Structures are given as structure tokens and as C-alpha cells.
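> Build me a model:
(2 chains)
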Amino acid sequence: MLEVRNLSVAYGGLRALTDVSLSVKEGQFVTVVGPNGAGKSTLFKTISGVVPPAAGEITFMGQNLFGLTAARRAHLGIAHVPEGRQVFKTLTVRENLEMGAYPKAGRAAWHHTLDRIQTLFPILAERATQMAGTLSGGEQQMVAIGRGLACAPKLLMLDEPSMGLAPAVADTIFERVSQIHREDGVTILLVEQRVAEALELSDHGYVLETGRMVLDGPYETLLRDDRVRK
Amino acid sequence: MDLEVLIENVLNALAAGITIGCIYGLMCIGLGLIFGIMRIVNFAQGELLMLGMFASLYLVTGGGILAFLGPYAGPFIGALLAGPIVFAGGALLHKFLIARVSGLRTSGSLDEGHFGQLVMTLGISLILQNGGLILFGSTPMTVRTPLASSAIEIGPVYGDATIFLNKARLIACGVAIVTAAGLYVLLEYTRMGKALRAAADNPTAATYMGIDVDRAYRIAFGLGSGITAIAGGLMATYLSFGPFIGLDYVIIMYSGVVLGGMGSILGAFWGGLTVGFVQQCSSLILPPQLQNAAIFVVFLMIMLLRPQGLFGRSAERA
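Residues are numbered from 1 along each chain as shown, chains lettered A, B, ... in the order given. Model prediction:
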């Protein structure tokens, strides 16, 4: 479904990613782990198109993404739940979700997906008319994930959804993500620093370190590796 | 007798304050969209007002294509049509110039592009003023309508005290309220309006939603330009104007927007209304030259008591 081949990205003169390859097959749950500054968010931003690549290729369902503007890519069914949530603070919770449903596929499925989102995160129904900026961190993360789901995505990319959350809240978020994968059959690409939880959920994991993929494999293999345990 | 005169003066100042205030409110909404919501510093907003006045003038007077509408309906329809004309101009201005110092290109940078915007829009303002001087000349103009010299009389309400409502201002006020309400509905309830607000709120996240942020900003800037231009067209029916009139109003617009609270369209309207109201009421006790000073005394007092503006809302969690 998503193929990243030999991707390199540079900010100014600095290399953020070097020769990174990654593959996500339909229905898979793939996780990228790695320490701070490894380039995980850069990888996501390049897939979404807000950061330009230096070299390499990214295809989504056979289509080359580099020919498309960032906004067009969302219409293909790629939902990006960004690091730090990035909800629309001055819009209500409901309006945030509506904006998620901006692409055609999302609009067509709106009533169904809204139901689903509010089943997964009942608090969002309660807070529907409240401004998203007034919510707690965990609730904002739920808005961000709900907003991602609202476009009826084929691929849901989650960038550190547990960041800055209390452990109990983070556990809920992980549980919901896993539920979205199992019950809705959405393909998931997750970036996390909470390595153990993240890998436990996934079919396949990648380890990114200082801009390079140093390791990849299924969950069991990765957990046995020393570099991951650290 | 003296009391009657006083009551008449006060009532008329209040009536003028409300009618003119509504037109100022519309004018401020235009800037409220550009400065309050999109956070683009636009010093050329006064010149957009001026362009609205001249667009309306050339549409309805002399050989203008709306001349057939006559002096009653013509000036007001002309004012409304000045909107789309200046919308197009504003959208082009944004596409070729403003976009380079705003939106995604400057989001997250140290000054959010404000320095660039300040210098650029100040330059645009000077070019439009002096270009206007070349094109339109310096003779003060007005869009003539017989309605400007006739009034509806209410009363006498107390003794001989009567309220006179200038018909041109009254209609202009009505058009302003309807236009403002229309824009409010567009921004609050339509998919496009919500997308514009989302793009202004967080351009990067809006991109992730599939919103073409450059286009959204272009439309929003055009709308802000067109709305102020409609207010300009309405004002042209009751005051005389020249290419430099923007200077008088750009500061009024900024104070209206800040007074109402940044980021709120309704707030911008109420802010403009307050400014117009204060300006007219100050004429009761102050000579006309001091009207603008009165605006700022009230402005500073309100800012002292309520720094977030009358309708300002802080969306951040405390």
C-alpha cells in the first residue's frame, strides 16, 4: 500500500533522513520506533508532503506521491494525526471532526464515521460544541485521532499519540488505536517512543536511528534485539 | 426649552451613532477577517475601503453601467457590487504579493511574517493612494443620492424634540447589517467557511485535512477586502472622499478589531459599532476635530479593563 524507497531528506544542510526504506501492506499495523531526533516525524511529514524530499520515492497504492501537493495527498485516503495533536483550537470539537471529513470519501461516510468516532471516544460527543483548545491533552489527542478517522482513511498515520499524556490515558489511546485496526480494518503506521507498547500491537516494526533504518522485522524479533531493549 | 434641545441633540447623536456604527462594523469585519483571524497585518485596508468607494462611484455615476438604476437604488447596489470587484483585486494581491509573506511560508517562523507584511502592505498602501491620485484626481467626490438629504422624522418624542434619521445612512446601515450577517453565516456554517477558519487556525494541520491552504487564504483575503469595500461603497453615499481617505479609517478599523477582540467576526462588528457610536456621541461635547481623540480615549479605557477585547476569547487552556 505504502512504499518508501531510499528516501533522503535534508533541512537546510542537515541530513534528517538517509536512504530510508519502509513498506506498509494493506491491513498491516506497522510501527516505527526510535529515540528523539531520529527523524520519525520528518518521515511522516515527507509522506504527507509538508517537507520536501531530497532523493528517493514514495508511492501510495501504486501512485507516486511526489507529483501531488500536500493537500491532494489527504484526498487519496492518507490521514496524518500529527505530533503534538495540532487540533484546530478555535474550532469546536464537532467542527474539528468535520474538517477531518473534508475529502470526498470522508463526506460520503460522514454519518457513519461520526457514529463510530463517538463510540470509540464518547467524550467527544459530550464536548461536541466546546472549543477544541479548551480540552485536556488526552481529549485533544482523541479529537486528533477522530479527525484522522473522519476522512475514512485507507492509511492512518499516528505520530506519537501518547506524547505528554498520563500513562492511564496513553493506555486508552493505544487500546483505541488497536481497536481501529482490528475492527475497522484500517491500515496503521505508528510512530512511538513507548517502544514496548507500540511494538506489541504491531505486525512489523522498524527502528530508526539518527536518520537511518537500523533494523526491521516482526514484533518478536525486534523485542529480542539489544538495540531495541535499550 | 433648553432641555428639549438637549434631548433632541442626544437622541440624534445616539441614532447617528448606531447607523454609522453599523457601517463601521461592516468595515471592521473586513479587517477582522484579515488581521483578527488570518493574522495578516494589512496597512492597505484603508485603501481597499477607498477602492470600494471609487468602484461604486464609477459603477453608478456618469456613464457607469449601473447608471440606469437611478439615484435611489443605484448607489446601494453599486456598493454591493464593489464587493466582488475588490474581492478579485484582493485575491490577486494575495496571490502575487501577500502570499509570499504569510500563511504556510511563514507559519512557525519567529515573527510569523509580520515584519514582511508590515513593510509590504505599507508599500501597497502608498502605491494605491498615489495611483488613486493619478487615476481619480484629488477633487473630493461623493456618490450622490437624493436620499442623503432627506430624513425620516420620529417624534416629536419630548416637547419639540424630534429624531431625524438620514435615509441614505439608514439604508446603508441596513445593507451593512445584512452583509455582515451573510458573511457570519458563510464563515460559521458552511464547509468553505469552516475550512477558512481551520486554515487560519493551523495551516499545517489544515493541509493534512486536504485543505488547499494557499487557496483558502486567498479567498479569505479577498473576502476581507471585498467586505471593507462594500462598507466603503456605502459610506460614499453620505461623505465626500478622495484617494487619501483610507488614512482616516485604517486606524479606526484597527481599533474596532482590537476592541471587539481578535479572531471574532461578531466582535469586530461590535467593535466597529462601538467606535462609530463613541465618535458620534462625542460630537455632543467635543468639537469635530477631537472626535478621533475621543475614540482612542474610550479605546484605551476598554483595553485597560478588558485587554482581550469585548468579545475576545482565549482558546488556550489556562
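
> Checking my notes, B:G62 in a helix, right?
No: following the definition DSSP: H, G, I helix; E, B strand; the rest coil, B:G62 is coil and is not counted among the residues of a helix.

> where's it relative to chain A, distance?
Here B:G62 is placed at a distance of 45 Å from chain A (CB to the nearest CB, to the nearest Å). C-beta coordinates here come from the backbone N, C-alpha and C atoms, glycine included.

> Could I get the phi/psi values of that residue?
phi 60, psi -120 (degrees, to the nearest 10).

> Could you name the helices and strands sitting against the helix or strand that contains B:F296?
B:F296 is located in helix B:291-305, with elements delineated by DSSP states H and E. Under the contact criterion of 3 or more CB pairs under 8 Å, 6 or more residues apart in numbering or on different chains; DSSP states H and E, the helices and strands touching helix B:291-305 comprise helix B:246-260, helix B:265-282.

> I figured A:T90 hits B:L196, correct?
No: the criterion here is CB atoms under 8 Å, and A:T90 misses it with B:L196 at 11.8 Å.

> higher neighbour count, these two?
The neighbour count for A:T90 versus B:L196, taken as other CB atoms under 10 Å in any protein chain shown, is higher for B:L196 (25 against 21).

> Which element, helix or strand, includes that one?
Secondary structure (DSSP H and E) places B:L196 in helix B:191-201.

> ok, back up a step: wait, which of the helices and strands packed on helix B:291-305 is closest to chain A?
Distances from chain A to each of these were compared by CB to the nearest CB, and the smallest falls on helix B:265-282, at 11.6 Å.

> Determine the set of other helices and strands touching the closest one.
Against helix B:265-282 (3+ CB pairs under 8 Å, 6+ apart) you get helix B:2-31, helix B:167-189, helix B:246-260, helix B:291-305.

> Could I get the buried residue list for that helix?
Using 16 or more other CB atoms under 10 Å in any protein chain shown as the burial criterion, the residues of helix B:265-282 that qualify are B:265-282.

> Over to stretch B:109-118?
Judged by neighbour count (16+ other CB under 10 Å), stretch B:109-118 contains these buried residues: B:E112, B:G113, B:H114, B:G116, B:Q117.

> Return the distance of it from the chain's centre.
From the chain centre to the centre of stretch B:109-118 is a distance of 23 Å (CA atoms, centre = their mean, to the nearest Å).

> export it as CSV, just CAs?
The C-alpha coordinates for stretch B:109-118 follow below in CSV (Å, rounded to 0.1, in the frame of the first residue of the first chain):
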residue,chain,number,x,y,z
SER,B,109,8.8,31.5,11.8
LEU,B,110,10.0,33.9,14.5
ASP,B,111,7.7,36.8,13.6
GLU,B,112,5.0,34.8,11.7
GLY,B,113,5.9,37.0,8.7
HIS,B,114,4.6,40.2,10.4
PHE,B,115,7.6,42.3,9.6
GLY,B,116,7.4,41.5,5.9
GLN,B,117,3.6,42.1,5.9
LEU,B,118,4.1,45.5,7.6
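
> Which residues of chain B lie near chain A?
Of all the residues in chain B, those in contact range of chain A (CB under 8 Å from any CB of the partner chain) are B:191, B:194-195, B:197-198, B:201-202, B:204-213, B:263, B:313, B:315-317.

> Show me what the worst-scoring helix or strand of chain B on mean pLDDT packs onto, helices and strands only.
Of all the helices and strands that make up chain B, strand B:151-158 has the lowest average by mean pLDDT, DSSP states H and E, namely a mean of 84. For strand B:151-158, the contact count by 3+ CB pairs under 8 Å, 6+ apart identifies helix B:2-31, strand B:161-166, helix B:167-189 as packing neighbours.

> Paired strands for it, with orientation please.
Paired neighbours of strand B:151-158 in the sheet (DSSP bridges): strand B:161-166 (antiparallel).

> what two of the buried residues of stretch B:109-118 are the furthest from one another?
Longest distance between any two of the buried residues of stretch B:109-118 is 9.7 Å, between B:E112 and B:G116; criterion CB to CB.

> any shared contact partners between these two?
Shared contacts of B:E112 and B:G116, defined by CB atoms under 8 Å, 6 or more residues apart in numbering or on different chains, are found at B:T106.

> C-terminal to the longest helix along chain A, which secondary structure element comes first?
For chain A, the helix reaching the highest residue count under DSSP state H is reported as helix A:167-184. Note on helix A:167-184: by DSSP H and E, the next helix or strand toward the C-terminus is strand A:187-192.

> Put the alpha carbons of that next one into PDB.
Once side chains and other backbone atoms are set aside, the C-alpha atoms of strand A:187-192 remain, and they are given as PDB (Å, rounded to 0.1, in the frame of the first residue of the first chain):
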ATOM      1  CA  THR A 187      -4.100   0.100   7.900                       C
ATOM      2  CA  ILE A 188      -1.900   1.800  10.600                       C
ATOM      3  CA  LEU A 189       1.500   3.400  10.600                       C
ATOM      4  CA  LEU A 190       2.500   4.400  14.100                       C
ATOM      5  CA  VAL A 191       5.500   6.300  15.300                       C
ATOM      6  CA  GLU A 192       6.200   5.900  19.000                       C
END
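
> got the contact list for it?
When contacts are defined by CB under 8 Å, 6+ apart, strand A:187-192 is touched by residues A:1-2, A:24-33, A:40-41, A:43-44, A:83, A:154-162, A:177, A:180-181, A:198, A:201-202.
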